[in-house]
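S.K.: this is the structure alone, sequence omitted:
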């Protein structure tokens with residue numbers, strides 16, 4: 001009876017783990033972009049150049065993504081405006097106005113979006129941005145089936161880390177920072193080999209990690225409230241910076 005209960009519990013954990021995995025994969029398709037990067041929503045250091053549009057041109061936005069505007073709400077604001085009002089820095093008739101200082105704007109359709117500062121003088125100093133949103137790729141290519149994802153999971157080998165993100169999507173703006181955060185804290189004696197694989201519309205990189213110690217301490221750096229780990233199943237799923245990480249131990 002005890003062994004039967006253990007087997008039943010093990011199956012339940014496996015199902016729960018796969019469900020968590022599939023849920024995170026679905027959520028991982030959408031990205032939240034902090035407008036302006038580390039500097040946030042503010043007048044550019046060089047008012048003669050539009051650093052916000054330069055930032056936007058380095059990223060690829062799709063329907064379902066969102067923009068995060070961070071700014072002092074008592075001194076600034078965000079206006080969602082027409083193209084004409086964008087060009088003229090007209091603050092009189094915005095389509096939408098935000099003053100909370102931590103604005104999340106959902107990109108729910110493709111095409112251009114125009115934003116300016118609610119302070120006209122700031123807008124004239126190029127605190128303005130155009131974000132062009134691509135059509136959702138889910139309409140162009142079928143998503144992987146539950147069976148495909150489950151099979152990929154079950155094929156994982158010991159100490160393999162899988163890094164997935166949307167195919168044909170430009171690398172996340174913090175990709176290099178993310179790689180540094182991932183790889184540098186690990187034991188310096190590690191051996192790493194990158195092997196790119198193609199699976200449906202997901203780009204998969206398998207990072208082979210060979211440790212000289214069985215300690216799991218390095219992985220603790222990545223476990224946060226976006227992760228779910230199952231000791232019996234020996235699998236962890238971690239969502240961070242728009243990426244989904246799968247690794248077992």
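M.R.: Looks like it came in fine. On a predicted model such as this, the values are computed, not experimentally measured, just so you know. Numbering: from 1, shown residues only.

S.K.: whichever strand or helix holds residue 105 pairs with which strands, parallel or anti?
M.R.: Element membership for residue 105, per DSSP states H and E: strand 102-106. Using DSSP bridges, strand 102-106 pairs in its sheet with strand 66-70 (antiparallel).

S.K.: give me the neighbour count for residue 122.
M.R.: 23 (other C-beta atoms under 10 Å). All C-beta spots, glycine's among them, are computed from the backbone N, C-alpha and C.

S.K.: still on that earlier bit, need the contact partners of the strand holding residue 105.
M.R.: 32, 66-71, 73, 78, 80, 98, 113, 115 (C-beta atoms under 8 Å, 6 or more residues apart in numbering).

S.K.: derive a ChimeraX selection command for the buried subset of those.
M.R.: Here is the ChimeraX command that selects only those of the contacts of strand 102-106 that count as buried (16 or more other C-beta atoms under 10 Å):
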select :67,69,70,71,78,80,98,113,115
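
S.K.: and of the contacts of strand 102-106, the nearest to residue 87?
M.R.: For the contacts of strand 102-106, the closest approach to residue 87 (C-beta to C-beta) belongs to residue 115, at 12.8 Å.

S.K.: residue 94: which element?
M.R.: Using DSSP H and E, no element contains residue 94; it sits outside every helix and strand.

S.K.: and if you look at residue 43?
M.R.: Applying DSSP H and E, one finds residue 43 in no helix or strand.

S.K.: OK, contacts around it?
M.R.: With contacts defined as C-beta under 8 Å, 6+ apart, the neighbours of residue 43 are 117, 122, 125, 126, 127.

S.K.: next one: the last one from residue 89, what distance?
M.R.: Right, residue 127. 9 Å (C-beta to C-beta, to the nearest Å).

S.K.: tell me the bridge partners for residue 111.
M.R.: Applying DSSP bridges, one finds that residue 111 bridges with residue 133.

S.K.: isn't it right up against residue 134?
M.R.: No: between residue 111 and residue 134 there is no contact under C-beta atoms under 8 Å: 9.4 Å.
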